[in-house]
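Participant: how would this look folded up:
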Amino acid sequence: MSEKASFYRHHVFFCCNQRPPGERVCCNDKGASELRDYAKQRVKQLGLAAPGKVRINQAGCLDRCEQGPCIVVYPDAVWYTYVDEEDIDEIIDEHLVKGKIVERLRIR
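Facilitator: Purely as a prediction, here's the structure:
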């Protein structure tokens, strides 16, 4: 079996699930959609949004909402939580650009 390169070097999925009020906690109540939009804009500004580079996507429930808001970076299978744009910047700058896992935001 031949090994093929991934279409994107990193594929980042943001849980943007929205549940009805009173149900289980959800990432979208913690600003997930807005911060996903911010991440998309930031990777475009850095010239990273292209095949062979980085893709930011919305996902439905990733089933870790209690630890969230959460994202997962593939193919590395690294899960993160975040609070604000500064956390997103750190994940982009350290993980997506430099290849270093941001341990302080990592979900285990």
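Participant: Could I get the full set of helices for the protein?
Facilitator: 32-45, 85-90 (DSSP state H).
Participant: name the helices or strands packed onto the last one?
Facilitator: Just to be clear, that refers to helix 85-90. Contacts defined by 3 or more C-beta pairs under 8 Å, 6 or more residues apart in numbering; DSSP states H and E place helix 85-90 against helix 32-45. Where C-beta positions appear, they are placed from N, C-alpha and C, glycine not excepted.
Participant: can you check the first one too?
Facilitator: Helix 32-45 sits against strand 10-15, strand 54-59, helix 85-90, with contacts defined as 3+ C-beta pairs under 8 Å, 6+ apart.
Participant: Would you mind saying which of the ones you listed lies nearest R42?
Facilitator: helix 85-90 (6.8 Å; C-beta to C-beta).
Participant: Check which residues of that closest one are buried.
Facilitator: D87, I88 (16 or more other C-beta atoms under 10 Å).
Participant: How far does it sit from its chain's centre?
Facilitator: 11 Å (C-alpha atoms, centre = their mean, to the nearest Å).
Participant: So what's the model's average confidence on that helix?
Facilitator: The pLDDT scores in helix 85-90 average 98.
Participant: outside of that helix, which residues touch it?
Facilitator: Helix 85-90 has contacts (C-beta atoms under 8 Å, 6 or more residues apart in numbering) with L35, Y38, A39, R42, Y80, Y82, V102, L105.
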